[in-house]
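Asker: need coordinates for the below:
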Amino acid sequence: GGQFGGLYALDQKTGCVHWRFDADAAIRGAISVVRSGRGGAVVFFADFLTNVYALDASDGHVIWRTQVGRQKDSVVTGSVAVHDGRVYIPLSSMEVAAAIDPDYECCQGSGAVVALDALNGQEVWYHRTLQDQARPVGKTLHGSRLLPPSGAPLRSTPTLPAKRNKPYARTGEP
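Answerer: Residues are numbered from 1 along each chain as shown. Sure, this is the predicted structure:
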């Protein structure tokens, strides 16, 4: 995957491009390739704008595509994890950049982990890292509302221990 959304499948022997796919945004995480029950393989990844893709590994055609971000500034900077028929996506936020503007009502975003069904891309569950929703608690010196709690974005791949069917994720910017 690349900074401009290009995903390339290369021939292992020659290094030549077998196929190319253009995602809607930068691909910042690793690509997961999982064998399918039909003898082929499926390529899973997410782009920066929270689109998650499942492609046929043989030719790069789209099996499904789902957008998982629910918040205005949601992004994906980590890698997806695939385990036991589910795709787990770590959601981060670019709200820290928007907060530089003194008129910005800061901050409402939270990281999250989203689980999708690997066969069809349908959402199985969505877990926000902060349970409480943002609420006004005051104003800045510029008169903009302060809206905590926010933060705890996920920037790395969720870990899925073999004996527990629950993902673990590391957060940042508490």
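Asker: so which helix or strand takes in residue 71?
Answerer: Under the criterion DSSP states H and E, no helix or strand holds residue 71.
Asker: do me a favour and average the pLDDT over the biggest strand by length in the chain.
Answerer: Longest strand of the chain, by residue count under DSSP state E: strand 86-93. For strand 86-93, mean pLDDT rounds to 94.
Asker: can you tell me which residue is spatially central in the protein?
Answerer: The centroid of the chain falls nearest to residue 76 when counting by C-alpha atoms, centre = their mean (3.6 Å).
Asker: quick one: least confident helix or strand in this protein?
Answerer: Sorting the helices and strands of the chain by mean pLDDT, DSSP states H and E puts helix 95-98 at the bottom, at a mean of 83.
Asker: after that helix, which helix or strand is next? Please name it.
Answerer: strand 112-117.
Asker: which strands and helices sit next to that next one?
Answerer: strand 86-93, strand 123-128 (3 or more C-beta pairs under 8 Å, 6 or more residues apart in numbering; DSSP states H and E). (Each C-beta comes from the backbone N, C-alpha and C, glycine too.)
Asker: right, so those: which one is the most enclosed?
Answerer: Greatest average neighbour count among the helices and strands packed on strand 112-117 goes to strand 86-93 (a mean of 26), per mean count of other C-beta atoms under 10 Å.
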